[in-house]
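S.K.: structure, please.
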Amino acid sequence: MTYAKQKPELKLVISIGANIPGILGDPINTIVAIRPQIEKSILEWNVDLNFPKNHSQNIDKSLSFQWAPLFQTDPLGVQIDQPKFINTVLVVEGKGFASVKPNKEAAIYLMKKFLELEKVAGREREKAESLWGPRSLDIDFISWGELQVNTRTLILPHPRLSERNFVLIPLTEVLSKAQGKPKRIQSENIWPE
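M.R.: Numbers count the residues shown, from 1 in each chain. Modelled structure (predicted):
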């Protein structure tokens with residue numbers, strides 16, 4: 001028996017969070033204000049990736065930006081005596097990714113764009129007292145298809161993804177829009193939970 005080889009998913013998954021006011025306002029207003037800048041950065045990054053292959057101004061810039069709702073979550077890690085976080089997830093896909101194979105250099109380039117956006121919101125990673133301390137904006141690159149990267153700047157997929165409900169629950173919301181939510185089976189008598 002032969003099986004058709006499935007094409008790998010080339011989705012980008014990005015997590016965004018904040019729990020203290022910054023230059024752009026309170027955490028909700030910061031995320032609202034940075035949303036179009038994140039999309040613009042990804043579009044520019046996509047054009048940069050495609051330009052060497054397509055010497056045309058008519059590069060397909062149509063990407064699908066699927067945003068999760070905003071969620072309020074408790075802080076994790078060592079420093080838990082801090083305000084609750086506002087979190088969301090962005091899933092990006094589109095035909096523009098079809099001509100670019102996920103690669104380390106492109107992923108690091110995009111992460112650097114995200115770090116610049118954090119600075120726009122007033123975050124100074126160098127001065128952070130704690131790895132899990134309060135922040136005016138946190139943009140985490142979670143995954144890009146099946147790409148695996150392990151550098152000082154970026155680790156993909158995100159190493160603590162399975163421990164992060166503030167990523168998993170919003171991500172589930174986005175994916176359930178596209179795929180439909182599974183139906184829960186009532187099975188109390190035969191399947192204890």
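S.K.: from now on I want contacts and neighbour counts done on CA atoms only, so please keep to that.
M.R.: OK.
S.K.: export stretch 116-125 to CSV, keeping only CA atoms.
M.R.: Below are the C-alpha coordinates for stretch 116-125, written out as CSV (Å, rounded to 0.1, in the frame of the first residue of the first chain):
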residue,chain,number,x,y,z
GLU,A,116,12.9,45.7,17.1
LEU,A,117,9.1,45.8,17.6
GLU,A,118,9.5,45.0,21.3
LYS,A,119,11.9,48.0,21.6
VAL,A,120,9.2,50.2,19.9
ALA,A,121,6.9,49.2,22.8
GLY,A,122,9.5,50.1,25.4
ARG,A,123,10.9,46.6,26.2
GLU,A,124,14.6,46.4,27.0
ARG,A,125,15.5,42.7,27.1
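S.K.: how distant is it from the center of its chain?
M.R.: In terms of Cα atoms, centre = their mean, to the nearest Å, the centre of stretch 116-125 is found 16 Å from the chain centre.
S.K.: what sits up against that stretch?
M.R.: The contact list for stretch 116-125, computed with Cα atoms under 8 Å, 6 or more residues apart in numbering, reads G22, I23, L24, T30, I34, Q37, I38, R135, S136, L137, D138, I139.
S.K.: hmm, which two among those residues are most spread apart?
M.R.: Pairwise distances across these (Cα to Cα) peak at 18.2 Å, for the pair Q37 and R135.
S.K.: check contacts around P27.
M.R.: Applying Cα under 8 Å, 6+ apart, we find P27 in contact with G17, A18, N19, I20, P21, F85, I86, S136, L137.
S.K.: err, K11, not the other one
M.R.: Counted by Cα under 8 Å, 6+ apart, K11 has contacts V91, V92, E93, S143, W144, G145.
S.K.: please, which helix or strand holds the closest residue to the last one other than its chain neighbours?
M.R.: If you skip the residues right next to it in sequence, G145 has L10 as its closest partner in space, 4.2 Å away by Cα to Cα, 6 or more residues apart in numbering. Using DSSP states H and E, L10 sits within no helix or strand.
S.K.: please, where are all the strands along the protein?
M.R.: Listed in chain order, the strands of the chain (DSSP state E) span 12-18, 64-67, 71-73, 85-93, 138-144, 149-150, 155-156.
S.K.: neighbours around I169, how many?
M.R.: Counted with other Cα atoms under 10 Å, the neighbours of I169 add up to 16.
S.K.: and it, how far from S41?
M.R.: Distance from I169 to S41, counting by Cα to Cα, to the nearest Å: 25 Å.
S.K.: what does I23 give?
M.R.: Noted for I23: a distance of 19 Å to S41, by Cα to Cα.
S.K.: quick one: which of those two has more around it?
M.R.: Each of I23 and S41 has its neighbours counted (other Cα under 10 Å); S41 has more, 16 against 13.
S.K.: so that one touches K113, yeah?
M.R.: Yes - in this structure S41 lies within contact range of K113 using Cα atoms under 8 Å: 6.7 Å.
S.K.: quick one: find the helix or strand in this protein with the lowest mean pLDDT.
M.R.: helix 165-179 (a mean of 85; mean pLDDT, DSSP states H and E).
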